[in-house]
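Colleague: Could you work out the structure for the sequence below:
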Amino acid sequence: MKGNTIKVVVGLLVMLLLALPLVGTGCPAPPEEFTLEITVVGEGTTSPSPGTSSITEGESITVTATPNPGYEFLRWEGDVSGTTSSVTFEMTSDKSVVALFEQTVLVGYLGAFAGPTATASDRLWTCAKEFFTWANETDYLPGVKVEWTEEDTRYDIAQVPIVYRKMMARCEPMVLFTMTAVGSTGVKPLADEDRIPVLSFTGSVATAQEPVGYVFQETFVPEINFNCFLNYVADTWDVEEEGRPCVVASLSWEDPDGTQHIASGIETAAELGIDFKEEYAEVGPVGTMDFSTYVTRLKELDPDYIFFPMIGPATGSALKTMDAMGMDTKKAVYIVMSAGGMYEELTAVAGEELTYGATLVMADYAYSDPLITEDQEHLRSLMEPTKFGWDARYHVNALSFYTSCKILYEGLRIAIEDVGIENLDREALYNALQTIENFDPGVSLPVTFGTDDRLSNQSCYIYEIGTDGVPHLKTDKIYNWPQKWPGVY
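Modeller: Predicted coordinates:
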């Protein structure tokens, strides 16, 4: 009996074992394996490293991005998103993870945030920063992010080398911006030695070409403005009707902005039959606001035009003195630094009415028909939310560095095409800037540089300041300086 029981139990166990494969069909399947692909765009790496690997289903993965020097992490793309340097996700399917890095371009500004050009310097630098922010947010130049830093020269040429060395000691900008001829003249030997390109809104023919170097002059050069104006005078002054040649004088400070027009202007005027002599060029010490002695002599001379290559507050003071002495303020001829870009500072001293009917010479576009372009409107949209807001009368001041920004990004674009973004550096940008030809910034006459030329253009429009305080074209003709550069425009 006992043996039979054992046989039954063994039989049941055998049957149970035979049935197990049938019961096993209801057990969980082993975890699936998914593919994780990590790739990098730009200069940087990730942890885990870029490549393809198999990851068990359900596993939590964290990928961390680390940029190479000179680059920043931008964002994640593919099957993940975000802008923080690490991203965590669960492997529920095959995943593609892309880490995007962008080149960091540092722009250094040697500005004049103290002294008589403080407001103008702040406004144009505000425009540049708004442009950089917009460009970064919209990926205006893919793979490039611009950052910025600044130092204050206080509109003092003696301070330029000091603040330049201070900036270079604490950071390594790829390019510098300057605002005035004081800045570009002072920085040129240093920039040439350190081989760092400089985009200077203002400067001189000598700084740009004698010899050429790393300073690229943009749309405002007082010497060019004056000689273009003399050609306008030759075009519009009727000697037979007037019975004499046109008499032109000037009033300025004794600095690189104020005196660069005199020698070449005398030569051009002689060739054109215009009466401009060295003794007609009144020059006062830098910083003076008392122009009574100089205006007294100008009143005795009684010129038809008086050229003002001075900053806005000084020009305003001279204008008030002219008015007090009974002189016609419509004889004034302004440039960007006196009224185009510093109109607010000029009128704060002299009032607006004294500027009506006067002449303005510049290569930049005033905010008036037919020069209201898409870029003009873009500039307006950038400035409206700022502390300065936007005003058509003060538009040209902000415009100054809008031009610089457009030229910078064009140079960066060309440099990336030439050497690749991974090799973008000062020298690549310097070489690229020299190849810019007939580039339209949308807010000024076209820009052309060259291997032996650092002047963006050599031509100007002639405006008249209207009773709305806004410059309007006197003529749609573009004037140049054919006595020096035949065949331009």
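Colleague: Could you say which helix or strand holds the residue nearest to Pro116 when sequence neighbours are not counted?
Modeller: Distances taken as Cβ to Cβ, 6 or more residues apart in numbering place Pro313 nearest to Pro116, at 5.0 Å, with adjacent residues excluded. Placement of C-beta: from N, CA and C, glycine included. Using DSSP states H and E, Pro313 sits within helix 312-324.
Colleague: Show me the contact partners of the helix or strand that that helix is followed by.
Modeller: Later in the chain than helix 312-324, the nearest helix or strand by DSSP H and E is strand 332-334. For strand 332-334, contacts defined as Cβ atoms under 8 Å, 6 or more residues apart in numbering pick out 229, 305-308, 315, 319, 322, 340, 346, 355, 358-361, 465.
Colleague: which SS class is Glu282?
Modeller: What DSSP: H, G, I helix; E, B strand; the rest coil gives for Glu282 is strand.
Colleague: before we move on, what about Glu172?
Modeller: Put simply, Glu172 is coil when judged by three-state DSSP.
Colleague: hmm, back to that, report the separation between the residue nearest to Pro116 and Glu353.
Modeller: 17 Å (Cβ to Cβ, to the nearest Å).
Colleague: of the two, who's got more company?
Modeller: Pro313 (21 against 12; other Cβ atoms under 10 Å).
Colleague: Quick one: neighbours of Thr315, just the number.
Modeller: Close neighbours of Thr315, defined as other Cβ under 10 Å, add up to 28.
Colleague: Excluding chain neighbours, what is closest to it?
Modeller: Leaving aside its sequence neighbours, Thr315 sits nearest to Ser338 (Cβ to Cβ, 6+ apart; 4.1 Å).
Colleague: for that neighbour, what are its contacts?
Modeller: Phe308, Pro309, Met310, Ile311, Gly312, Thr315, Leu346.
Colleague: now it: how far from Ile157?
Modeller: 19 Å.
Colleague: And Asp323, by the same measure?
Modeller: Where Ile157 is concerned, Asp323 sits at a distance of 31 Å (Cβ to Cβ).
Colleague: Grab the most central residue of the protein for me.
Modeller: Cys405 (2.4 Å; Cα atoms, centre = their mean).
Colleague: Quickly find the element holding it.
Modeller: Assessed by DSSP H and E, Cys405 sits inside helix 395-419.
Colleague: what sits against Val87?
Modeller: So Val87 contacts Thr62, Val63, Trp76, Val80, Ser81, Val97 (Cβ under 8 Å, 6+ apart).
Colleague: Could you rerun that using 6 Å?
Modeller: When contacts are counted by Cβ atoms under 6 Å, 6 or more residues apart in numbering, Val87 is found next to Val63, Trp76, Val80.
Colleague: which SSE is it in?
Modeller: strand 86-90.
Colleague: buried sites along that strand?
Modeller: Val87, Phe89 (16 or more other Cβ atoms under 10 Å).
Colleague: Show me where the stretch 201-350 of the chain has its helices.
Modeller: Along the stretch 201-350 of the chain, counting by DSSP state H, counting those that start in this stretch, helices occupy 205-209, 222-236, 239-242, 256-259, 262-272, 292-301, 312-324, 343-350.
Colleague: Confirm for me that Pro441 is in contact with Lys406.
Modeller: Yes - between Pro441 and Lys406 a contact is recorded at 4.1 Å, counting by Cβ atoms under 6 Å.
Colleague: who's more crowded, these two?
Modeller: Ranked by neighbour count (other Cβ under 10 Å), Pro441 and Lys406 place Pro441 first, with 23 against 19.
Colleague: Run me through the strand neighbours of the strand holding Val87, direction for each.
Modeller: Under the criterion DSSP bridges, strand 86-90 sits next to strand 60-67 (antiparallel) in its sheet.
Colleague: How far does the partner strand sit from its chain's centre?
Modeller: 35 Å (Cα atoms, centre = their mean, to the nearest Å).
Colleague: ok, then the element right after that strand?
Modeller: That would be, after strand 60-67 and using DSSP H and E, strand 71-78.
Colleague: which residues touch that following strand?
Modeller: Contacts for strand 71-78 (Cβ under 6 Å, 6+ apart): 43-44, 65, 67, 82-83, 85, 87, 96-98, 100-104, 145.
Colleague: and these, which of them are in strands?
Modeller: 44, 65, 67, 87, 96-98, 100-104, 145 (DSSP state E).
Colleague: Which pair of those residues spans the longest distance?
Modeller: Ser96 and Thr104 (26.1 Å; Cβ to Cβ).
Colleague: coming back round to it: okay, the residue nearest to Pro116: pLDDT?
Modeller: Listed pLDDT for Pro313 reads 95.
Colleague: wait, what's in contact with it?
Modeller: Here Pro313 is in contact with Pro116, Glu345, Val349 (Cβ under 6 Å, 6+ apart).
Colleague: picking up where we left off before, so for the helix holding Cys405, what gets flagged as buried?
Modeller: 395-416, 419.
Colleague: and the angle for it with helix 312-324?
Modeller: 150 degrees (axes from the mean of the first three to the mean of the last three Cα atoms, to 10 degrees).
Colleague: Off-centre distance for whichever helix or strand comes after helix 395-419?
Modeller: Of the helices and strands lying after helix 395-419 in sequence (DSSP H and E), the nearest is helix 426-433. Computed by Cα atoms, centre = their mean, the chain-centroid distance of helix 426-433 equals 16 Å.
Colleague: Following helix 426-433 in sequence, what is the next regular element?
Modeller: Criterion used, DSSP H and E; the element after helix 426-433 is strand 459-465.
Colleague: got the angle for that next one vs helix 343-350?
Modeller: Going by the same axes, to 10 degrees, strand 459-465 makes 40 degrees with helix 343-350.
Colleague: Output strand 459-465 as CSV, nothing but the C-alphas.
Modeller: This file holds the C-alpha atoms of strand 459-465, laid out as CSV (Å, rounded to 0.1, in the frame of the first residue of the first chain):
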residue,chain,number,x,y,z
SER,A,459,30.2,109.5,-49.2
CYS,A,460,27.4,111.5,-47.5
TYR,A,461,23.8,112.7,-47.8
ILE,A,462,23.0,116.4,-47.2
TYR,A,463,20.1,117.1,-44.9
GLU,A,464,18.2,120.1,-43.6
ILE,A,465,16.8,120.0,-40.1
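Colleague: Tell me the buried residues in the helix or strand that it is followed by?
Modeller: Next helix or strand after strand 459-465 toward the C-terminus (DSSP H and E): strand 471-473. Neighbour-count burial for strand 471-473 flags Pro471, Leu473 (criterion: 16+ other Cβ under 10 Å).
Colleague: Strand partners (parallel or antiparallel) of strand 471-473?
Modeller: Here strand 471-473 has these sheet partners by DSSP bridges: strand 459-465 (antiparallel).
Colleague: can you pull the buried residues of the partner strand?
Modeller: Buried-residue list, strand 459-465, by 16+ other Cβ under 10 Å: Ser459, Cys460, Tyr461, Ile462, Tyr463, Ile465.
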